[in-house]
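**Q** this is the structure alone, sequence omitted:
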């Protein structure tokens with residue numbers, strides 16, 4: 001079975017049974033890799049699976065369930081902060097690294113959304129509240145059951161070259177072991193004539209020389225959402241300050 005088929009099964013579980021069932025399927029798929037794939041290929045396979053989960057926007061909600069179930073492995077007293085998460089991911093497999101990175105990346109987002117839940121640590125109560133949110137979420141991945149009882153995609157998923165996916169994912173995963181970064185939120189001040197796209201392009205160009213239009217559009221959309229605004233209708237004014245989401249987590253179609 002391919003990792004793309006595994007992701008389809010995880011999507012179907014999220015759509016029809018809920019995110020906790022989807023996480024159970026994910027654990028089964030990871031165990032399957034561990035038991036059937038040669039040892040020297042397991043890291044690569046798990047890294048590819050993590051990448052596909054991210055590409056299909058499954059990681060954020062799965063990360064909440066992961067944290068709820070694994071918190072005692074992260075911190076014995078059932079609470080953890082950013083330093084606990086960074087320590088934990090150093091010893092984790094690529095799928096757990098990806099889930100932990102989402103928790104690190106979204107710590108500020110979760111705090112902003114649920115300001116009454118958080119102190120300096122995530123508690124069991126925080127996770128239960130967040131879990132209630134993702135349990136009630138409606139998923140639509142364009143998946144149906146075929147005549148043989150198998151899950152099938154009904155919409156194109158924009159599959160990318162497998163070698164590119166694996167190469168990018170393993171490169172990202174390896175960075176976890178070479179540097180221990182803490183996500184620090186950046187803020188951009190709006191200049192005269194700025195829109196979301198120009199702010200996004202300026203920030204992306206600080207990190208890379210060649211910036212594509214699809215990257216600009218994707219990041220500008222995320223900037224708008226991160227600030228609870230609409231990229232297409234919200235008006236920016238000189239002097240406005242925009243909180244910037246973590247650029248290294250940017251998803252593009254290139």
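**A** Structure received. A quick note: this is a predicted structure, and the numbers were derived from the prediction, not measured.
**Q** so what's residue 186 bridging to?
**A** Going by DSSP bridges, residue 186 is paired in beta bridges with residue 244.
**Q** burial of it, as a residue count?
**A** Counted with other C-beta atoms under 10 Å, residues neighbouring residue 186 total 13. Yep, even glycine has a C-beta here, placed from its N, CA and C like the rest.
**Q** wait, it touches residue 244, no?
**A** Yes. In this structure, residue 186 is within contact of residue 244 by C-beta atoms under 8 Å, at 4.3 Å.
**Q** what do the two both touch?
**A** residue 203 (C-beta atoms under 8 Å, 6 or more residues apart in numbering).
**Q** tell me where this protein has helices.
**A** 3-16, 19-36, 39-55, 59-74, 82-89, 94-105, 107-113, 124-135, 162-175, 196-205, 213-226 (DSSP state H).
**Q** low-confidence regions, the stretch 101-250 of the chain specifically.
**A** Applying pLDDT under 70 to the stretch 101-250 of the chain flags the ranges 106-121, 142-185, 208-209, 246-250.
**Q** swap the cut-off to 80 and go again
**A** Of all residues in the stretch 101-250 of the chain, those with pLDDT under 80 make up the ranges 102, 104-130, 133, 136-186, 206-210, 245-250.
**Q** just give me the neighbour total for the closest residue to residue 204 other than its chain neighbours.
**A** Sequence neighbours aside, residue 211 is the residue nearest to residue 204 in space, at 4.6 Å (criterion: C-beta to C-beta, 6 or more residues apart in numbering). Counted with other C-beta under 10 Å, residues neighbouring residue 211 total 17.
**Q** separation between the closest residue to residue 187 other than its chain neighbours and residue 189?
**A** Nearest residue to residue 187 in three dimensions, chain neighbours excluded: residue 241, at 5.2 Å (C-beta to C-beta, 6+ apart). Remark: distance between residue 241 and residue 189 (C-beta to C-beta, to the nearest Å) = 6 Å.
**Q** what does residue 33 give?
**A** 46 Å.
**Q** same check on residue 84?
**A** Taken as C-beta to C-beta, the span from residue 84 to residue 189 is 33 Å.
**Q** next: residue 62.
**A** Residue 62 is 35 Å from residue 189, by C-beta to C-beta.
**Q** mark out where each domain of this structure begins and ends.
**A** The chain breaks down by automatic domain parsing into domains covering 3-153, 185-249.
**Q** quick one: distance of the shortest one to the chain centre.
**A** Remark: domain 185-249 is offset 19 Å from the chain centroid, using C-alpha atoms, centre = their mean, to the nearest Å.
**Q** find the nearest non-adjacent residue to the one residue sitting closest to the centre of the chain, please.
**A** With distances taken as C-alpha atoms, centre = their mean, residue 59 lies nearest the centre of the chain, 4.1 Å away. Excluding the flanking residues, the one nearest residue 59 by C-beta to C-beta, 6+ apart is residue 102, at 4.8 Å.
**Q** right, and that neighbour touches residue 60 too?
**A** Yes. Look at residue 102 against residue 60 with C-beta under 8 Å: they come within range, at 5.6 Å.
**Q** which one of the two has more residues nearby?
**A** Higher neighbour count among residue 102 and residue 60: residue 102, with 24 against 18, using other C-beta under 10 Å.
**Q** please identify the most buried of the domains of the chain.
**A** Ranked by mean neighbour count, the domains of the chain are led by domain 3-153 with a mean of 17 (mean count of other C-beta atoms under 10 Å).
**Q** give me the distance from that domain to the chain's centre.
**A** In terms of C-alpha atoms, centre = their mean, the centre of domain 3-153 is found 9 Å from the chain centre.
**Q** quick one: residues contacting the closest residue in space to residue 234 that isn't next to it in sequence.
**A** Nearest residue to residue 234, sequence neighbours excluded (C-beta to C-beta, 6+ apart): residue 224, at 6.4 Å. By C-beta under 8 Å, 6+ apart, residue 224 lies in contact with 196, 230, 231, 234.
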